[in-house]
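Undergrad: Below are the sequence and a predicted model; questions follow.
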Amino acid sequence: MTRKARLQLFIMAGAIALAGGLMVAAASRAAAPEGPVRYTADGKMEFPADYRTWIYLSTGMDMSYSEGSDDPNMHMFDSVFVNREAYDVFQKTGTWPDKTVMVLEARLATQNGSINKRGHFQAIRMANEVHVKDVARFKDTGGWAFFGFQGEKPAAMIPAKAGCIACHEAHAAVDTTFVQFYPTLLPKAQAMKTLSANYLKDEAARPR
């Protein structure tokens with residue numbers, strides 16, 4: 001084979017390899033998952049429709065953080081999910097990274113259905129609340145914000161003066177999240193010594 005022919009073959013092989021690499025890169029970009037949340041142009045959060053595929057943390061029933069006069073005949077389950085990337089970081093550090101997204105799903109608790117004779121089971125979804133950490137976007141509220149969804153339309157941020165941020169800052173076990181209610185995460189935070197001073201103060205004062 002002549003030198004010219006070898007050069008042409010080398011150029012052709014390089015072109016094929018380059019084209020193949022570009023195709024793989026394009027396929028990788030197309031297959032890459034989107035971030036856990038997206039926002040509309042006016043700053044509303046789009047509903048994270050796939051949150052049920054995220055990491056399940058815990059479920060509470062009829063929980064309330066204040067003394068109130070809730071309807072004694074109405075019961076509710078609150079289940080919490082977090083995006084896997086944030087969960088993986090927490091398992092290593094005991095803290096939440098930027099872009100953590102936690103979804104609280106509120107479902108009606110009912111007794112009447114199928115063969116059930118006692119106890120409650122989850123029924124219709126009533127609302128969702130999203131707690132998201134984005135230091136750059138929510139720098140005025142310590143990097144965290146809440147969004148409330150009644151359905152799946154984009155939701156506006158819950159104002160900080162509504163009390164959510166203040167309550168979480170005052171009582172959350174880790175950062176501004178209620179890890180104290182997540183039985184698979186609290187031991188990790190205890191081991192990593194990432195529990196907040198406010199939470200430790202609450203625990204010391206809690207009646208035993």
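TA: Received, thanks.
Undergrad: After the helix or strand that contains Glu85, which helix or strand is next?
TA: Element membership for Glu85, per DSSP states H and E: helix 84-93. Using DSSP H and E, the helix or strand that directly follows helix 84-93 along the chain is strand 101-110.
Undergrad: Partner strands of whichever helix or strand comes after that next one and their direction?
TA: Sequence order places strand 121-133 as the next helix or strand after strand 101-110, per DSSP H and E. With DSSP bridges as the test, strand 121-133 is paired with strand 101-110 (antiparallel), strand 144-149 (antiparallel).
Undergrad: List the buried residues for strand 121-133?
TA: 122-123, 128-133 (16 or more other CB atoms under 10 Å). In this view, the C-beta of every residue, glycine as well, is placed from N, C-alpha and C.
Undergrad: ok so, going back, nearest to Ser58, out of the strands paired with strand 121-133?
TA: For Ser58, the closest of the strands paired with strand 121-133 is strand 101-110, at 10.1 Å, according to CB to CB.
Undergrad: Contacts for the closest one, please.
TA: 36-37, 48, 51, 54, 57, 61-62, 74-83, 86, 120-133, 177 (CB atoms under 8 Å, 6 or more residues apart in numbering).
Undergrad: Run through the chain and note the low-pLDDT ranges.
TA: The model of the chain has pLDDT under 70 over residues 1-35, 68-70.
Undergrad: can you map out the helices along it?
TA: 3-31, 84-93, 164-171, 186-192, 197-205 (DSSP state H).
Undergrad: ok, Ile55 - how many residues close by?
TA: 19 (other CB atoms under 10 Å).
Undergrad: again, but for the one 3 residues further on
TA: Ser58 has 16 neighbours, counted by other CB under 10 Å.
Undergrad: What sits closest to it if chain neighbours are left out?
TA: Of all residues not flanking Ser58 in the chain, Tyr182 sits nearest, at 4.8 Å (CB to CB, 6 or more residues apart in numbering).
Undergrad: so how far is Ala156 from the one you found?
TA: For Tyr182, the distance to Ala156 equals 27 Å [CB to CB, to the nearest Å].
Undergrad: neighbour-wise, which of those two wins?
TA: Tyr182 (21 against 12).
Undergrad: so that one makes contact with Leu57?
TA: Yes: counting by CB atoms under 8 Å, Tyr182 touches Leu57, with 4.5 Å between them.
Undergrad: anything in contact with each of those two?
TA: Common neighbours of Tyr182 and Leu57 (CB under 8 Å, 6+ apart) are Val80.
Undergrad: Look at the closest residue in space to Pro154 that isn't next to it in sequence and say how many residues are nearby.
TA: Closest residue to Pro154 in three dimensions, ignoring its sequence neighbours and counting by CB to CB, 6+ apart: Lys44, at 3.8 Å. By other CB under 10 Å, the residues close to Lys44 number 15.
Undergrad: so Val179 makes contact with Leu186?
TA: Yes: Val179 is in contact with Leu186 according to CB under 8 Å; the separation is 5.6 Å.
Undergrad: Brilliant, that's me finished.
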